Structure formats: C-alpha cells, structure tokens
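S.K.: Model the following, please.
(2 chains)
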Amino acid sequence: MARVTFPFGPQHPVLPEPVQLILTCEDEKVVEVKPRIGYMHRGIEKGCELNPYKHNVFLCERICGICSFIHAEAYCEVIEKAMGIEVPPRAKYLRVFWAELSRMHSHLLWLGLFADGFGLESLFMQCWRARELVLDVLELTSGHRVIQSTCVVGGVRKDLDPDQIRTVREMLKQFKELYTPIFQVFQHDRTIKSRTWGKGILPKDVAWQLGAVGPTIRGSGWAFDARMDGYAAYGELGFEPVVEEGCDSYARMMVRAREVWQSWELVNLVLDRLPAGEINVPVEDNPKGEAIHRAEQPRGEVIYYCRGDGSPNLKRLKVRTPSFANLPTLLVMLPGCELADVPVITLSIDPCIACTER
Amino acid sequence: MGVVLRNLFTGPVTRRYPFERRQYFDGSRGKLLFHPEYCEFCGECERACPTGAIELDTAWDTRRQDYSIVWLRRYDPFKCIFCGNCVEACPYGAIELAEEPAAPGYRKEISVDEIPNWQWTEWVAS
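M.R.: I've put the predicted structure just below:
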C-alpha cells in the first residue's frame, strides 16, 4: 500500500490553536505522525525579565486566555515562595474560588469544542451556554470575563461581599440545572461513545513514561494532580483527583466532564468556609534566591521557576506548561487510528499552543 | 422530546442586539475615565501601569509668552489592559474605570489631557 504524507493544521476547522501534525497514511489508516510547533512564540519569558516583578502578573496572565487566573496564581505563589511571604487565609480561599471557576469555564469550552469535533453542534451550543453563566460569575466577582487580574503578589485584589456571595450561589444553582442534562448526554450518548470509546488508547505505563499530565494521565488511571500538594487552600478543603481507567478519548472526556462537578463543589465549599480577614499583605522587598512551584491547570500541571537577585527585575522566569508535556502522547495515540478520528483524538489532550510556546 | 417542546414555546436564548443591550455588573472593568481637575501630577499612575500606557510629561505653554509650562498626561488606550492598577494607585481619585467598555477605534490615537497646574511664571521669572 502506498504511503501518503500530508499536513493536518496549523489552520484546521477543529483545531482551536495552531499545531501542525504531519500525518503519514496508508489508505485511511494513520501509520506515522509528527507534531510540529512553533507558530505562536511571543517571547513572554524574556519579557518577564524586563518588567518589574510585580507587573509580570499581568503578563503571565496573558500566556493563555483560558487558564489565565491559574497562570497568575502560579506566578504569585512562586514569587511568594522565593520571598518567604505568607498569604492570608482568605486570599488562599479566594484564589481557589477563581481558579476553580477558570477550570469550569475551560473544561466547558473544551467539552463544547470536543462535541463540535465529533459533529454534535447542538451540544457545543449547550456547553457554551452553560459556560456563559460561569463567565458571568467571573465578571461579577472580578470585573472581567476572561482575564481576571485579581491575583497579586501577597494575596488578591478583590474581595467578595455577602451580596455577591448570595448572587453567586444562585448562579451556581442555575448552572447545576443547565449542566446536569449536558453531563448525562456526555455520559450515556451512543453517538459520542461510538466516536470516542476505544479511540486514541494511551496505556497506563506509557502515559507515565511519556510524562503526561492533567486529565490526559488521569484518564489513563493515574491519580496525579498538583492540587494534591495542597497549595493555596486545597489542603484544607480536602481534595481527591478524578480518575478514569479507560485510557481512551472517552475516559479523558469523562475526567473533564466530572471535574466540572468537582470544581462546582469546590467553589460551593469555598463560599461556605470563606474565612474572614485581610485579603493581601503589603510586599515591599524584591525577590532574592530561587523557587519552584507546581500548580494544576485545566490541562494539567504547570511548573513555574523563578530566580531573583534582589533587584526589581527577575533574572530568570521559566514556565513548563501542560500541553508541552501532553503533545508527545499523540505519537502513541494516533498511529493505527482512522484518519477521521484524528481530530477527535488530537482534541482529547486539549492542546493549548498559546501556553506551549509562550 | 421534552427539550424540543420546551424550546418551541420559549423565547430565543440569545440577546436581540442592538435593541437589547447587556447589563454590566457593578465593578466591571470597562473603559478608563480621567478627571484632570483632581489630578495633582504625582506620577503614581505612571509607576503603577504595567504596560506603560500612561505617561506624564511637561511642555512649554505655547499659548503664553512668560515661560510657563503645562502638565500633560498621555494615555494610550491601545496599550491599556484595564487592570485597574492606576485606579488603586491614584491617591486623589482622578482615575476611574467605567462599566461600559470602550468603543472600537478607527485609528490608534493617543489621548492627551492637560492637567491644570499652579503657576510657575513667578518662580521661573525670579
């Protein structure tokens, strides 16, 4: 059988971001795949060395538009580690609040795109309709729908007042009503199962060897989540990762669909247990020394490393983002699959190239 | 079937823009408003701005012949990320964030505001 090699992406209807896959096919079967990245480099790490370290929060938020708050949170936590700052408890809980809302809206966005990927456009609309409520909660509490800008070194900038908490609770109730039928469709629908069940297998041991993170590795049966470290208030809230044993696209989808519920519960828990007190501590010094921090983004674990020498500018900021760790898994998932399944399997790792290349 | 029947008898989910506008929440970060009459030219906003969208500058007052200067504030709305740092930094309440977002611009214009200052004339002359 003659082999045909052709490019898939970087511009493709199902790909939200520019990643190119060089596919080699025999008839309709993919036999070889080569991912190619490098379409979106913006030099953010270098930019972070030129700005004063307090201003970098706003730059780090712009690494990715979807998990923007968690980037800002991870940056603030790494600087706080380097400077030995203890954040007030209320700020820790508020960080979890916005981080989990970000995770909800990211997962709903992805579930919608995934539904669009296998052809259920109505489900795509329903997912984004539910996501709109989460974005409204974010706008109500932080002032902006996507880029929250609420996290600063030493705490957070915005507080929740009792009126807002009451409104947020009502909106979360509405969200539950909207998301329950959507979740059932993802769980039981035959069409979805036929497109995802057994497609893009990532065996358990291979997932660990390739260093996959986030829902990609949790869909392969590993309870691996940076939130288990207990950073911010996760340690006090009691956290158990969502794990699926299927190792296929369906398992990865179900991890995300169930994580929306988990985040919903965490947000409610934060509102119940929100401690009183200050929301930030004044920070006057400059960072000296180095620190490393792991945080869990919607796509997986992000690692921030910083080194300062006592000047207002950092000497080095290094970010290792989850999609960069997840891209090699495509080399295992894609060979052997049908050509028509390539978009669904590629989307199942939730590739975020804006994060990967920065 | 239930969903189909419900959707038949309920109105559209989307908003009928432009007849029906979205209500912004209190505290939404829209466009940046500046009140020059409260400004004391202290420079806190310039230092707090992470993108360098606000610049304070002085210039000779060309309308007069007595060596007086004017205080100018240059604001580039296309650099601004509406983070609200300047609003928090301003000790005089001269900057505020409106809830309405800024309208799209036809070209990238930098807005220049003149800040009323105390007279330098006598000081320079002496």
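S.K.: Can you tell me the centre-most residue of chain A?
M.R.: With the centre of chain A defined as its mean C-alpha position, the nearest residue by CA atoms, centre = their mean is residue A:298, 2.1 Å away.
S.K.: Now name the helix or strand holding the closest residue to that residue other than its chain neighbours.
M.R.: Residue nearest to residue A:298 in three dimensions, not counting chain neighbours: residue A:106, with 3.7 Å by CB to CB, 6 or more residues apart in numbering or on different chains. C-beta coordinates here come from the backbone N, C-alpha and C atoms, glycine included. Applying DSSP states H and E as the criterion places residue A:106 in helix A:89-117.
S.K.: so what secondary structure elements neighbour that helix?
M.R.: helix A:68-83, helix A:121-142, strand A:155-156, helix A:162-188, helix A:249-273, helix A:342-348 (3 or more CB pairs under 8 Å, 6 or more residues apart in numbering or on different chains; DSSP states H and E).
S.K.: out of everything not next to it in sequence, what's closest to the closest residue to chain A within chain B?
M.R.: In chain B, the residue that lies nearest chain A is residue B:50 (3.6 Å; CB to the nearest CB). Using CB to CB, 6+ apart and skipping the chain neighbours, the partner closest in space to residue B:50 is residue A:55 (3.6 Å).
S.K.: Could you report the pLDDT at the residue of the stretch 151-300 of chain A found nearest chain B?
M.R.: Distances between the stretch 151-300 of chain A and chain B by CB to the nearest CB are smallest at residue A:157, namely 7.4 Å. The pLDDT attached to residue A:157 in the predicted structure is 88.
S.K.: And for residue A:72?
M.R.: Model confidence at residue A:72 (pLDDT) stands at 92.
S.K.: likewise residue A:294?
M.R.: pLDDT, residue A:294: 91.
S.K.: would it count as being in a strand?
M.R.: Yes: under DSSP: H, G, I helix; E, B strand; the rest coil, residue A:294 falls within a strand.
S.K.: which residues does it contact?
M.R.: Residue A:294 makes contacts with A:226, A:229, A:231, A:301, A:302, A:303, as judged by CB atoms under 8 Å, 6 or more residues apart in numbering or on different chains.
S.K.: and if you look at residue A:75?
M.R.: A:56, A:57, A:60, A:151, A:304, A:306, A:317 are the contacts of residue A:75 under CB under 8 Å, 6+ apart.
S.K.: change it to 6 Å
M.R.: Residue A:75 makes contacts with A:57, A:60, A:304, as judged by CB atoms under 6 Å, 6 or more residues apart in numbering or on different chains.
S.K.: same check, this time on residue A:70
M.R.: A:99, A:102, A:295, A:297.
S.K.: wait, isn't the third one in contact with residue A:74?
M.R.: Yes: counting by CB atoms under 6 Å, residue A:295 does reach residue A:74; the two are 3.9 Å apart.
S.K.: Looking only at neighbour counts, state which of those two leads.
M.R.: The neighbour comparison of residue A:295 against residue A:74 (other CB atoms under 10 Å in any protein chain shown) goes to residue A:74, with 28 against 24.
S.K.: bridging residues for the spatially closest residue to residue B:58 that is not a sequence neighbour?
M.R.: Leaving out its chain neighbours, the residue that sits closest to residue B:58 by CB to CB, 6+ apart is residue B:69, at 5.1 Å. In this entry, residue B:69 is beta-bridged to residue B:60, by DSSP bridges.
S.K.: and residue B:69, how far is that from residue B:37?
M.R.: Per CB to CB, to the nearest Å, residue B:69 is found 18 Å from residue B:37.
S.K.: higher neighbour count, those two?
M.R.: Higher neighbour count among residue B:69 and residue B:37: residue B:69, with 15 against 8, using other CB under 10 Å.
S.K.: Would you confirm that the more buried one contacts residue B:62?
M.R.: No: counting by CB under 6 Å, residue B:62 is not a contact partner of residue B:69; they are 10.5 Å apart.
S.K.: Quick check: the residue nearest to residue B:58 vs residue B:43, distance?
M.R.: According to CB to CB, residue B:69 and residue B:43 sit 15 Å apart.
S.K.: Residue A:244: neighbouring residues, count only.
M.R.: 20.
S.K.: Kindly apply the preceding question to residue A:179 instead.
M.R.: There are 25 residues near residue A:179, going by other CB under 10 Å.
S.K.: Find the nearest non-adjacent residue to it, please.
M.R.: Once flanking residues are discounted, residue A:179 sits nearest to residue A:130: 5.0 Å by CB to CB, 6+ apart.
S.K.: Buried residues of the helix or strand containing residue A:206, list them for me.
M.R.: In this structure, residue A:206 sits in helix A:204-209 according to DSSP H and E. Neighbour counts over helix A:204-209 (16 or more other CB atoms under 10 Å in any protein chain shown) mark A:206, A:207 as buried.
S.K.: Grab the nearest non-local neighbour of the residue of the stretch 101-250 of chain A found nearest chain B.
M.R.: The nearest approach of the stretch 101-250 of chain A to chain B comes at residue A:143, 4.1 Å away (CB to the nearest CB). Nearest in space to residue A:143, with sequence neighbours left out and distances taken as CB to CB, 6+ apart, is residue B:29 at 4.1 Å.
S.K.: Let me see the contact set for residue A:292.
M.R.: Contacts of residue A:292 by CB under 6 Å, 6+ apart are residue A:305.
S.K.: One more: residue A:35?
M.R.: Per CB under 6 Å, 6+ apart, neighbours of residue A:35: A:21, A:327, A:330.
S.K.: Give me the subset of these that lies in strands.
M.R.: residue A:21 (DSSP state E).
S.K.: Residue A:152 is in contact with residue A:79, correct?
M.R.: No: with contact defined as CB under 6 Å, residue A:79 does not count as touching residue A:152 (10.0 Å).
S.K.: In terms of packing, which of the two has more residues around it?
M.R.: Higher neighbour count among residue A:79 and residue A:152: residue A:79, with 27 against 21, using other CB under 10 Å.
S.K.: With adjacent residues omitted, what lies nearest to the more buried one?
M.R.: residue A:153 (5.0 Å).
S.K.: Surely that neighbour and residue A:283 touch.
M.R.: Yes: using CB under 6 Å, residue A:153 is in contact with residue A:283, at 5.2 Å.
S.K.: So between these two, which is more surrounded?
M.R.: Higher neighbour count among residue A:153 and residue A:283: residue A:153, with 23 against 18, using other CB under 10 Å.
S.K.: Give me every residue in chain B lying close to chain A.
M.R.: B:25, B:27, B:28, B:29, B:50, B:83 (CB under 6 Å from any CB of the partner chain).
S.K.: residues near the fourth one, how many?
M.R.: Residue B:29 sits with 23 neighbouring residues when counted by other CB under 10 Å.
S.K.: what do you get for residue A:111?
M.R.: 26.
S.K.: which residues touch the closest residue to it other than its chain neighbours?
M.R.: Nearest residue to residue A:111 in three dimensions, chain neighbours excluded: residue A:127, at 4.8 Å (CB to CB, 6+ apart). Residues in contact with residue A:127 (CB under 6 Å, 6+ apart) are A:108, A:111, A:112.
S.K.: Could you save these as CSV and add columns showing pLDDT?
M.R.: Shown next, in CSV, are those (pLDDT from 0 to 100):
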residue, pLDDT
A:108, 92
A:111, 91
A:112, 91
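S.K.: Residue A:255: which of the residues you listed is nearest?
M.R.: Checking those against residue A:255 by CB to CB gives residue A:111 as the nearest, at 11.1 Å.
S.K.: my guess is residue B:72 is in a strand, correct?
M.R.: Yes: Residue B:72: assigned to a strand according to three-state DSSP.
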